[in-house]
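# Provide a 3D model corresponding to the input given below.
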Amino acid sequence: MLVYCAKRGVMSVSTVNISFQEELLDQIDDIARLESRTRSELIREAARLYLERKRRWQGLFDLGSKTGAKVKLTEADLVSEIMDVRKRRRAPRG
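Okay, here's the model as predicted:
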């Protein structure tokens, strides 16, 4: 099957088989029904959102690594800083 995408032109579409536990599939079907969509549309959107979130997180991790390397921050420095922040948060105020 071919689908036309205005942004990218013609894209091929593949059919895949996925196994779900019945309870999860029931939840997917309930949401799809509430939103007047097909199960496939809902699962495609969920996959796109997941991939976008992963890309954003990876971008943040890459930025952190790049910034840490620039200032020569080690993993031990990072752990120490986290422990200091947590200790300050637990300290009584007053």
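# for residue 38, phi and psi?
phi -80, psi 160 (degrees, to the nearest 10).
# which residues are in contact with residue 74?
Residue 74 makes contact with residue 68, according to CB atoms under 8 Å, 6 or more residues apart in numbering. Using the backbone N, CA and C atoms, a C-beta is placed for each residue, glycine as well.
# I'd like the distance between it and residue 65.
12 Å (CB to CB, to the nearest Å).
# and for residue 34?
Where residue 65 is concerned, residue 34 sits at a distance of 41 Å (CB to CB).
# so where do the helices sit in the protein?
Here the chain has its helices, by DSSP state H, at 22-34, 39-70, 75-90.
# helices or strands up against the second one?
What that stands for is helix 39-70. Secondary-structure packing of helix 39-70 (3 or more CB pairs under 8 Å, 6 or more residues apart in numbering; DSSP states H and E): helix 22-34.
# orientation of the helix it packs on relative to helix 39-70 in degrees?
110 degrees (axes from the mean of the first three to the mean of the last three CA atoms, to 10 degrees).
# contacting residues around helix 22-34?
The contact list for helix 22-34 (CB under 8 Å, 6+ apart) reads 20, 38, 39, 41, 42, 43.
# if we go to 6 Å?
39, 42 (CB atoms under 6 Å, 6 or more residues apart in numbering).
# export that helix as CSV, just CAs?
Output of helix 22-34 as CSV, limited to C-alpha atoms (Å, rounded to 0.1, in the frame of the first residue of the first chain):
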residue,chain,number,x,y,z
GLU,A,22,-6.1,-8.4,26.5
GLU,A,23,-6.4,-5.7,29.2
LEU,A,24,-4.1,-3.3,27.3
LEU,A,25,-5.9,-4.0,24.0
ASP,A,26,-9.3,-3.3,25.7
GLN,A,27,-7.9,0.1,26.9
ILE,A,28,-6.6,0.9,23.4
ASP,A,29,-10.0,0.0,21.9
ASP,A,30,-11.8,2.1,24.5
ILE,A,31,-9.7,5.2,23.8
ALA,A,32,-10.0,4.7,20.0
ARG,A,33,-13.7,4.4,20.3
LEU,A,34,-13.9,7.6,22.5
